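*Asks:* the amino acid sequence is not available; the structure is as follows:
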């Protein structure tokens, strides 16, 4: 039995959800350690941090594994972004065929327009971070976030925007971050104001896009934020 055999067995047991796990080196051998998938839904994964910590305590983590039930094991945009973040080799297995695809970090960056939504990897805040990195050469803090956090008693945008170096302001300006409340009890969406009544944003279930800032989007805006670089 190899670690791939163990990972495939785990993937089969988790169908139709995506399975996830880690490859570690223990006593000179690569072994597979299954992890719990914390993601909502069946088509993406979030490794449980306790499982990651347990794997690190057992050996050196050298790879991330997850499954693609019923679809080819080619990496999605979110997979490519995740691979870059971890700096590790990633492995995807298709179930039920058992076909594999492995890949390493290559410097991939998702396009600002046309990226596929994946919460925590390619979502509205990830788009803001990437825009500031590409357009302003500014690295914003990242924050751990669970899907549907706005329905779990959290208020991540308003609790953290000052830590990320933003302050409220009154006037629209290029690069302003607009916080919006979309079907939630707290602000749960954000956009970049590009000028000329155009915003760049990423709505769940849609590709990232430039849209006219008017009507609905103006109505649901709760904050205009200016980046000052003075993180609190």
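*Replies:* Done, it's in. What you see is a predicted model; the values in this text were computed from it and never measured.
*Asks:* OK, contacts around residue 90?
*Replies:* For residue 90, the contacting residues are 63-66, 75, 79, 82-83, 102-104, by C-beta atoms under 8 Å, 6 or more residues apart in numbering. Where C-beta positions appear, they are placed from N, C-alpha and C, glycine not excepted.
*Asks:* what about those, which are in helices?
*Replies:* In this view, the contacts of residue 90 that belong to helices under DSSP state H are 79, 82-83.
*Asks:* quick one, domains of this protein?
*Replies:* Domain assignment for the chain, taken from automatic domain parsing, gives 3-103, 124-227.
*Asks:* now residue 36: closest residue in space, sequence neighbours ignored.
*Replies:* Once flanking residues are discounted, residue 36 sits nearest to residue 48: 4.0 Å by C-beta to C-beta, 6 or more residues apart in numbering.
*Asks:* and that neighbour, how close does it get to residue 144?
*Replies:* 12 Å (C-beta to C-beta, to the nearest Å).
*Asks:* same question for residue 94.
*Replies:* Residue 94 sits 29 Å away from residue 144, going by C-beta to C-beta.
*Asks:* where does the chain have low pLDDT?
*Replies:* 42, 230-232 (pLDDT under 70).
*Asks:* all strands of it, in order?
*Replies:* Ranges of strands within the chain are 20-26, 29-35, 60-69, 89-95, 100-103, 166-168, 177-180, 189-195, 198-201, 209-212, 221-227, based on DSSP state E.
*Asks:* next one: the fifth one to chain centre, how far?
*Replies:* Yep, that's strand 100-103 we're talking about. Remark: strand 100-103 is offset 20 Å from the chain centroid, using C-alpha atoms, centre = their mean, to the nearest Å.
*Asks:* and residue 48 and residue 144? which has more neighbours close in?
*Replies:* Taking other C-beta atoms under 10 Å, residue 48 and residue 144 do not tie; residue 48 has more neighbours (14 against 9).
*Asks:* contact partners for that one?
*Replies:* Counting by C-beta under 8 Å, 6+ apart, residue 48 makes contact with 35-38.
*Asks:* please repeat the previous calculation with a cut-off of 7 Å.
*Replies:* 35-36, 38 (C-beta atoms under 7 Å, 6 or more residues apart in numbering).
*Asks:* do residue 102 as well
*Replies:* 89-91.
*Asks:* just to revisit the earlier point, need the domains of the chain in CSV (columns: distance to residue 118).
*Replies:* Listed next are the domains of the chain as CSV, based on distance: least, C-beta to C-beta, whole Å:
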stretch, distance to residue 118
domain 3-103, 3
domain 124-227, 9
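*Asks:* which of these sits closest to residue 109?
*Replies:* domain 124-227 (7.0 Å; C-beta to C-beta).
*Asks:* quick one: end-to-end length of that closest one, please.
*Replies:* 17 Å (C-alpha to C-alpha, to the nearest Å).
*Asks:* next: stretch 108-120.
*Replies:* Stretch 108-120 stretches 17 Å from its first residue to its last (C-alpha to C-alpha).
*Asks:* cool, and stretch 92-108?
*Replies:* Stretch 92-108: ends 17 Å apart by C-alpha to C-alpha.
*Asks:* list the buried residues of that stretch.
*Replies:* Neighbour-count burial for stretch 92-108 flags 92-95 (criterion: 16 or more other C-beta atoms under 10 Å).
*Asks:* mind putting those into CSV with distance to residue 217?
*Replies:* Formatted as CSV, those follow (distance: C-beta to C-beta, whole Å):
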residue, distance to residue 217
92, 36
93, 40
94, 39
95, 40
